[in-house]
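# sharing a model that was predicted from the sequence below.
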Amino acid sequence: MISTKGRYAIRVMIDLAEHDHGSYIPLKDVAARQMISKKYLEIIVKDLVAGGLLTGMSGKGGGYRLCRKPEEYTLGEIIELMEGPLAPVACLAEGARACPRAASCETLPVWAEYDKLTHDFFYSRYLSDLLKRKEEGE
């Protein structure tokens, strides 16, 4: 399950993309528009900055903005930064030790297929796709 942290991170990224006019956007403005606690968003943007998805500046004129164009961010990278690996089982996680039962595991093919579907789904959708859908809905 994707937590509020992962879902809100995507909302923050969309908000910053929508309101990008070349300057930093104050977090209080994002919090007000998204109706999310500023305190909770501070935790989220800290992780987004540390992960290289946002840049921040403190002080007058400070706030946050995207490091790249919306079409260069996949939903997969945002979710995995906030949630950790999307792998459904430990043996399929990146860097996992080889499982001694892999060759005889009856369930591994199902988990591997599910893992591929999930990965391909989120890594083929971009922040810009969500922006387009919102614009088309207005």
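Received the coordinates, thanks.

# dihedrals phi and psi, the residue sitting furthest away from the middle of the chain?
In the chain, the residue that sits farthest from the middle, by CA atoms, centre = their mean, is residue 104; the gap is 35.0 Å. Residue 104 adopts backbone torsions of phi -110, psi 10, taken as degrees, to the nearest 10.

# any stretches of the protein with poor pLDDT?
Within the chain, the segments meeting pLDDT under 70 span 134-135, 137-138.

# tell me, what residue is most central in this structure?
Ranked by distance to the mean C-alpha position of the chain (CA atoms, centre = their mean), the top residue is residue 78 at 1.9 Å.

# which residues touch that residue?
Shown in contact with residue 78 (CB atoms under 8 Å, 6 or more residues apart in numbering): 6, 9, 10, 13, 48, 53, 127. (Glycine included, C-beta is placed from N, CA and C.)

# likewise residue 17?
Residue 17 makes contact with 66, 70, 127, 128, 131 under the criterion CB under 8 Å, 6+ apart.

# any idea which element it lies in?
helix 4-18 (DSSP states H and E).

# and stretch 11-30, what's buried?
Counting neighbours by 16 or more other CB atoms under 10 Å, one finds that the buried residues in stretch 11-30 are 11, 12, 13, 14, 15, 16, 17, 24, 25, 27, 30.

# which pair of those spans the longest distance?
11 and 24 (18.0 Å; CB to CB).

# surely residue 25 is in contact with residue 61?
No. Judged on CB atoms under 8 Å, residue 25 makes no contact with residue 61 at a distance of 10.5 Å.

# tell me where this structure has helices.
4-18, 27-34, 38-50, 75-83, 108-123, 127-137 (DSSP state H).

# and the third one, what's buried?
Residues 41, 44, 45, 48 are the ones in helix 38-50 that count as buried (16+ other CB under 10 Å).

# number of residues surrounding the closest residue to the first one other than its chain neighbours?
Pointing back at residue 41 there. Spatial nearest neighbour of residue 41, chain neighbours left out: residue 31 (5.2 Å); criterion: CB to CB, 6 or more residues apart in numbering. When neighbours are counted by other CB atoms under 10 Å, residue 31 registers 18.
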